[in-house]
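Enquirer: No sequence on hand, only this structure:
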């Protein structure tokens, strides 16, 4: 597998565009489009929140019931959540407008929205934006970048990744983009994620690969403990790589899963590191746990702890908060058996062993916690399973951003 510079236009046959449509923001791009020149098999995972945005309901209907998809239209600024029948009708109108300009069926158009909950979309601007985007579609690297920038809300940077690998001697590409900075919590988060690939694969195996992989990627991040109404992760596969279709598990399927995992994990980490007001990516890796579920539960508990996140922001080696988060996670373990380490900037120090603190240097610990990427390593000494979760520190700016979000 080779990591390349790219996003949603990296795979063969995919075009994209990003433009300013005046949805809510002024003087910035706020609509994007992804289009495949041929129909794609599609898979998706969506928010676990009982309150689901209209666009989530629309996309679930298409992904679960239609044979293929061919385009995605995304807007930033307004979430189209808690908007009733009118909000769902606006999804249909967006799909109809897209179908008209691209010459594809309406039921092959997916839609996604992010932004303020409770506001109705300005459908006239949305439809005008669709026309504008359709005229700017391109398969270039720059077009992918513009699309990634257009879906941002409180994100400070756009988020893209792409990889290539070989199946049957054919080069296969998987690329993606996402947005997400706040209202981020495990079991999907305020995120919109779009992955495109030219691999030929059955809808059944694409769905299986995505649903299995999301458990250890997007479902292992948290910024603030809030699960959004709009979480959507879509994967489109158009078969343009020319490989023999993957319709059974085996070597080709495993290669694809590895590439998909790298793309999903990279995008998930980019979101966690760009959490609202964050100054550091905060990773917790749990090793030698009694079970995989225990490892996931323990790792997520630490990165979700507000007190631990605040300590990371203050570069304070307050390891008691980590032990506390492990202890209330619900997993059973012996607190005197585990070992705790801090890692960052190429350094590692042991903080806790045999039920007590080690004779570590507070200065060295603070230096490690001052790095832009900080890892807490927890060795449970209880088995052979492991899991990693990603979050960010909790700064003063998080409150400032969210206190003023609607204005």
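Expert: Cool, got the structure. Since the model is a prediction, treat every value here as computed from it, not as a measurement.
Enquirer: which element is the residue nearest the centre of the chain on?
Expert: The chain has residue 268 as the residue nearest its centroid, 4.3 Å off, counting by CA atoms, centre = their mean. Taking DSSP states H and E as the criterion, residue 268 maps to helix 251-273.
Enquirer: Helix or strand next in line after that helix, which one?
Expert: Helix 251-273 is succeeded, C-terminally, by strand 281-289 (DSSP H and E).
Enquirer: For that next one, which strands pair with it and how are they oriented?
Expert: strand 373-379 (parallel), strand 385-392 (antiparallel) (DSSP bridges).
Enquirer: Give me whichever of the ones you listed is most buried.
Expert: strand 385-392 (a mean of 24; mean count of other CB atoms under 10 Å). (Each C-beta comes from the backbone N, C-alpha and C, glycine too.)
Enquirer: what ranges do the strands span in the stretch 101-250 of the chain?
Expert: Along the stretch 101-250 of the chain, counting by DSSP state E, counting those that start in this stretch, strands occupy 109-116, 159-167, 170-179, 192-197, 232-237.
Enquirer: Just want the angle from the last one to strand 192-197.
Expert: It refers to strand 232-237. Strand 232-237 and strand 192-197 are oriented at 10 degrees to each other (axes from the mean of the first three to the mean of the last three CA atoms, to 10 degrees).
Enquirer: Ok, the third one next?
Expert: Taking the same axes, to 10 degrees, one finds that strand 170-179 is oriented at 170 degrees with respect to strand 192-197.
Enquirer: Can you list the buried residues in strand 170-179?
Expert: Of all the residues in strand 170-179, those buried under the rule 16 or more other CB atoms under 10 Å are 172, 173, 174, 175, 176, 177, 178, 179.
Enquirer: okay, those in JSON lines with distance to residue 62 and pLDDT next?
Expert: Shown next, in JSON lines, are those (distance: CB to CB, whole Å; pLDDT from 0 to 100):
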{"residue": "172", "distance to residue 62": "25", "pLDDT": "98"}
{"residue": "173", "distance to residue 62": "24", "pLDDT": "98"}
{"residue": "174", "distance to residue 62": "21", "pLDDT": "98"}
{"residue": "175", "distance to residue 62": "21", "pLDDT": "98"}
{"residue": "176", "distance to residue 62": "19", "pLDDT": "98"}
{"residue": "177", "distance to residue 62": "20", "pLDDT": "97"}
{"residue": "178", "distance to residue 62": "20", "pLDDT": "94"}
{"residue": "179", "distance to residue 62": "21", "pLDDT": "90"}
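Enquirer: Thanks a lot, catch you later.
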